[in-house]
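Trainee: compute the structure for the input listed below.
(4 chains)
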There are 4 protein chains.
Amino acid sequence: MQTRVDLNADAGESLGRWKLGHDSELMVHVTSVNVACGFHASDPVTMRDSVRTAVATGTAIGSHPGLPDLVGFGRRRMALRPDEAAQLVVYQTGALQATARAEGAEVVHVKPHGALYGMALTDPDITSAITEAVLRLDPDLMIFWLAGPTAELARSLGATVAREGFADLDYTDEGHIIVEPEPKAKDPDAVAQQAVDLLEGHVTSTTGKRLDVEVDTICLHGDRPNAVEIADTLVRRLDDLGVERVPAVQLLRG
Amino acid sequence: MQTRVDLNADAGESLGRWKLGHDSELMVHVTSVNVACGFHASDPVTMRDSVRTAVATGTAIGSHPGLPDLVGFGRRRMALRPDEAAQLVVYQTGALQATARAEGAEVVHVKPHGALYGMALTDPDITSAITEAVLRLDPDLMIFWLAGPTAELARSLGATVAREGFADLDYTDEGHIIVEPEPKAKDPDAVAQQAVDLLEGHVTSTTGKRLDVEVDTICLHGDRPNAVEIADTLVRRLDDLGVERVPAVQLLRG
Amino acid sequence: MQTRVDLNADAGESLGRWKLGHDSELMVHVTSVNVACGFHASDPVTMRDSVRTAVATGTAIGSHPGLPDLVGFGRRRMALRPDEAAQLVVYQTGALQATARAEGAEVVHVKPHGALYGMALTDPDITSAITEAVLRLDPDLMIFWLAGPTAELARSLGATVAREGFADLDYTDEGHIIVEPEPKAKDPDAVAQQAVDLLEGHVTSTTGKRLDVEVDTICLHGDRPNAVEIADTLVRRLDDLGVERVPAVQLLRG
Amino acid sequence: MQTRVDLNADAGESLGRWKLGHDSELMVHVTSVNVACGFHASDPVTMRDSVRTAVATGTAIGSHPGLPDLVGFGRRRMALRPDEAAQLVVYQTGALQATARAEGAEVVHVKPHGALYGMALTDPDITSAITEAVLRLDPDLMIFWLAGPTAELARSLGATVAREGFADLDYTDEGHIIVEPEPKAKDPDAVAQQAVDLLEGHVTSTTGKRLDVEVDTICLHGDRPNAVEIADTLVRRLDDLGVERVPAVQLLRG
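Mentor: Model prediction:
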């Protein structure tokens, strides 16, 4: 079993007057945080506040670019050309980089959000276009992609890729994740167990199929109603097993 | 009379299917270009194309952040807190910086657009908040402010400021510019003469009052119907007078 | 003391994934509900759901059109021409009318939201333009305006106007309301007392000045953290005093 | 050959500062106009101006609701639930109905735009949901659907359907239209000939296959560079052939 892993969570998914998620509680537990960039959630001032929370908790900051769809929270697929998808990532990542720099912080990774992440899983041209754009923007930026063919494709293009597993999402037999339109509460122990499975190199699909998988980072969703309880449980479990939580940037760049 | 000056124009003000302006023709003439960043005009793909045009014509690239108001083209004032205004500038400038970097180019200046520029003229707290945010983002970024108290305030905060004059806008007696909701055609010779006045250190208000002014950069509006003819005329006039066009970044940084 | 009054609350102020307010609890208590229309809050599907809740609770439905500013929740003033402001109201009211009709319901009043309401208070041209546009759209639509000069102006134009008082907002000496950027919890008894004052024909400004006022409808803000408790308290108080809650449409049209 | 037909064109596809199309020239020729409603193009004030132009030219007014995607001009498919798609149509149609009413005019038909129209062609659940929502909104509203299975499905649900053909778009062998991301100039005579083919009950696919088709209305795209020349040519051709242009509402309702 793997003894070191990055934990990541999406954060900064409020929007002006609307509050969502449990950022400060979650950031205490995770080692990397993916900050929404204004297209599926957040806005310039909220992004600044998210960066400040990440700085205060010492969490590594990544961008979490999404589709331009606030009403759908970036979870409705859109027919985009690969270069359009790539520019969405460049634009939003740059907006967060500037926000971070103005607060004395740095963006170290990129993790596409929701349907954009899902579109890349099923369209290698989108994976390539996004990965190459991130490399052109800054070859030092890591990118998070689902462990498996997507992550491998991105590595073959020269990117530093954190292979991601999901402790709180179901997997199809093909190893794809099933994204819920609106995350519900989940049993914290089941989530923790799925994380342990991932650290042992496997995960079970909805039909009971065992899939082999190697991960560098494990994701928790911050907008689940019991997200904080889940994180507490998972972290205790990892501590009990002696698994060290380490930011992906440190894990992969050493 | 001043023998060197920067000419700047707003550009990249198309939006998806909607085309506006005469970017490639104008960029041949101007030495600095202010690229819209998606809030009052443009979108991620259009921004990339604008950067490519600027690279092809060797024009210095600046960000042109605006209010979040596509329908009003960023020309309707909004009641923003200074820190909100500043974050709009940081966000949009970062989005353009990343877009430029992914194309092998660099953003060298910031020029707020339309009502945001106008709000800063009448509210020093907004001028200060924007200027300080740009300095925190990157102390090497120049900022364009209207020649006069706004530019002076920004200089006093430590920023490298290009003092701007407008060849194609009217001035009030107080030295403020009068922004038209939708720019009309203007007499090219009159515009050229106002530019020459500016180079000689003065400009005439709508009531005939002579105002003293010192400028580093002169703005032309790219969305005027005869913008290209105006630029042609102005450039010929400057050439005849032996005035050299030099990017502000070179003028101010040597 | 007045023995009949309409109670109104803003509702439907969620947006896609983001939930806000306590619509079903509040609609049990109020007799008129102002439904957000997609510009400052809400979206087409949320509007449909708000209409269904209003139908289920038998609450009279009004439109609550706002400025086009989701990030600012329609609470940041914008420099609009009166005809622009009026068209915002027509567009959003029509969108809600159609949504209601498709659910077998009807929109009976219009109440501008936030900064748009506030802009009308200080600019009679905006009040007139909005009121006249509503009359052109449908002379049977009631409009809610702050009791005082704004409501009087609208009445003089021929509109059926419900004169509004606010139980949970402070008043200036000039009789204007003070809108908070983000409503906080308030003492339910103090709110109930201010409602009783309004029914007795007066309200006290922040400096202690007594202002005379006659109201047809009293507003409660649904996005206050303790909005439901406030409504409970107020309704009990009105019941104790024998004040009947009646939809404005019934009060004014008999 | 059919001796009466409706000609329709999309119009009102400007957005604030950005102008697109040739509305006043086109509306002279067509008998029905589909007015953009603010989601893929247009804004409240532009809609009002489009209605005024239609009133001045005596053209029948329809709504042209699109996907919420200004940057993509509503031409990028989005994964929507059928009820979401239907609510987009209800919302936008209502907004135009109110705008028309405030100008003393009436909306008589609904024609979904771009990718929304295309999604309905390939997903009968979307066709049904939209058609049923339009019927619930107002059973007197006609709906335009592509001649063939989509129009037939809508008719079977009880709607008054104008079966549409396209004179300026290519057809696949399956009888689907091929929507260009950005319409180019087309040979006016070829467009006129395709219209005549449609009136004779057939159209030829890109592979040369002859498809049988019966149409009530023929569409011209107003954002083609030579849209006006195309319309001139087509109208002359129809006049020469003695084909009368009649609004669909009159053709179908007598």
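
Trainee: so how far is chain C from A:Q87?
Mentor: Relative to chain C, A:Q87 is positioned 22 Å away (Cβ to the nearest Cβ, to the nearest Å). C-beta here means a position set from N, CA and C on the backbone, and glycine is covered the same way.

Trainee: A:W145 too?
Mentor: Distance from A:W145 to chain C, by Cβ to the nearest Cβ: 24 Å.

Trainee: any idea what that residue is bridged to?
Mentor: Going by DSSP bridges, A:W145 is paired in beta bridges with A:R163.

Trainee: hang on, it packs against A:E164?
Mentor: Yes: if you go by Cβ atoms under 8 Å, A:W145 and A:E164 touch, sitting 6.4 Å apart.

Trainee: common neighbours of those two, please.
Mentor: Both A:W145 and A:E164 are contacted by A:A151, under the criterion Cβ atoms under 8 Å, 6 or more residues apart in numbering or on different chains.

Trainee: against A:E25, how distant is the residue lying closest to A:K111 once chain neighbours are set aside?
Mentor: Among residues not flanking A:K111 along the chain, A:F144 sits closest, at 3.9 Å (Cβ to Cβ, 6 or more residues apart in numbering or on different chains). To A:E25, A:F144 is 22 Å away according to Cβ to Cβ, to the nearest Å.

Trainee: what about these two, which has more around it?
Mentor: Looking at A:F144 and A:E25 with other Cβ atoms under 10 Å in any protein chain shown, you find the greater number of neighbours at A:F144, namely 26 against 15.

Trainee: which residues touch the residue nearest to A:K111?
Mentor: With contacts defined as Cβ under 8 Å, 6+ apart, the neighbours of A:F144 are A:N8, A:N34, A:G62, A:H109, A:V110, A:K111, A:V161, A:A162, A:E164, A:T217, A:A248.

Trainee: tell me the residues of chain A that contact chain D?
Mentor: By Cβ under 8 Å from any Cβ of the partner chain, the residues of chain A that approach chain D are A:P68, A:D69, A:V71, A:G72, A:R76, A:R77, A:M78, A:A79, A:L80, A:A115.

Trainee: the helices in chain A, which residues?
Mentor: Applying DSSP state H to chain A gives helices spanning A:23-27, A:44-57, A:82-102, A:114-122, A:124-137, A:149-156, A:188-199, A:227-241, A:248-253.

Trainee: as JSON lines, those with distance to D:L20 and mean pLDDT would be great.
Mentor: Formatted as JSON lines, the helices of chain A follow (distance: least, Cβ to Cβ, whole Å; pLDDT from 0 to 100):
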{"stretch": "helix A:23-27", "distance to D:L20": "42", "mean pLDDT": "91"}
{"stretch": "helix A:44-57", "distance to D:L20": "29", "mean pLDDT": "98"}
{"stretch": "helix A:82-102", "distance to D:L20": "20", "mean pLDDT": "98"}
{"stretch": "helix A:114-122", "distance to D:L20": "28", "mean pLDDT": "96"}
{"stretch": "helix A:124-137", "distance to D:L20": "28", "mean pLDDT": "98"}
{"stretch": "helix A:149-156", "distance to D:L20": "38", "mean pLDDT": "98"}
{"stretch": "helix A:188-199", "distance to D:L20": "50", "mean pLDDT": "97"}
{"stretch": "helix A:227-241", "distance to D:L20": "45", "mean pLDDT": "95"}
{"stretch": "helix A:248-253", "distance to D:L20": "46", "mean pLDDT": "90"}
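
Trainee: now distance to B:L121 too, for those helices, in JSON lines please.
Mentor: Below are those laid out as JSON lines (distance: least, Cβ to Cβ, whole Å):
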{"stretch": "helix A:23-27", "distance to B:L121": "37"}
{"stretch": "helix A:44-57", "distance to B:L121": "22"}
{"stretch": "helix A:82-102", "distance to B:L121": "23"}
{"stretch": "helix A:114-122", "distance to B:L121": "39"}
{"stretch": "helix A:124-137", "distance to B:L121": "34"}
{"stretch": "helix A:149-156", "distance to B:L121": "47"}
{"stretch": "helix A:188-199", "distance to B:L121": "54"}
{"stretch": "helix A:227-241", "distance to B:L121": "46"}
{"stretch": "helix A:248-253", "distance to B:L121": "43"}
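
Trainee: among those helices, which is nearest B:T207?
Mentor: helix A:44-57 (39.1 Å; Cβ to Cβ).

Trainee: would you mark the buried spots in that closest one?
Mentor: The neighbour-count check on helix A:44-57 (16 or more other Cβ atoms under 10 Å in any protein chain shown) flags A:P44, A:V45, A:T46, A:M47, A:R48, A:D49, A:S50, A:V51, A:T53, A:A54, A:V55, A:T57 as buried.

Trainee: please name the nearest non-neighbouring residue to A:T233.
Mentor: Distances taken as Cβ to Cβ, 6+ apart place A:P188 nearest to A:T233, at 3.6 Å, with adjacent residues excluded.

Trainee: thought that neighbour was touching A:E229?
Mentor: Yes: taking Cβ under 8 Å as the definition, A:P188 is a contact partner of A:E229 at 5.4 Å.

Trainee: please say which of the two ends up with more neighbours.
Mentor: Of the pair A:P188 and A:E229, A:P188 is the one with more neighbours under other Cβ under 10 Å, namely 20 against 16.

Trainee: now do the contacts for that one.
Mentor: By Cβ under 8 Å, 6+ apart, the residues touching A:P188 are A:N226, A:E229, A:I230, A:D232, A:T233, A:L234.

Trainee: closest to chain D out of the residues you listed?
Mentor: Comparing the contacts of A:P188 against chain D with Cβ to the nearest Cβ places A:N226 closest, at 26.3 Å.

Trainee: for that closest one, what are phi and psi?
Mentor: Main-chain torsions, A:N226, degrees, to the nearest 10: phi -100, psi 40.

Trainee: right, and it touches A:P183 too?
Mentor: No: using Cβ under 8 Å, A:N226 is not in contact with A:P183; the gap is 9.9 Å.

Trainee: so which residues on the stretch 1-150 of chain A come close to chain B?
Mentor: Counting by Cβ under 8 Å from any Cβ, the stretch 1-150 of chain A sits next to chain B at A:38, A:44-45, A:47-48, A:83-84, A:87-88, A:90-99, A:101-104, A:133, A:136-138.

Trainee: can you turn the buried part of those residues into a PyMOL selection?
Mentor: PyMOL command restricting those to the buried ones, with burial defined by 16+ other Cβ under 10 Å:
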select buried, chain A and resi 38+44+45+47+48+83+84+87+88+90+91+92+93+94+95+96+97+98+99+101+102+103+133+137+138
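
Trainee: near chain C, which residues of the stretch 101-250 of chain A show up?
Mentor: Within the stretch 101-250 of chain A, the positions adjacent to chain C are A:E182, A:D223 by Cβ under 8 Å from any Cβ.

Trainee: now the stretch 101-250 of chain A against chain D: closest residue?
Mentor: Closest residue of the stretch 101-250 of chain A to chain D, Cβ to the nearest Cβ: A:A115 (7.3 Å).

Trainee: ramachandran angles for the residue nearest the centre of chain A?
Mentor: For chain A, the residue nearest the mean C-alpha position is A:K111 (5.1 Å; Cα atoms, centre = their mean). Taking degrees, to the nearest 10, you get phi -140, psi 110 for the backbone angles of A:K111.
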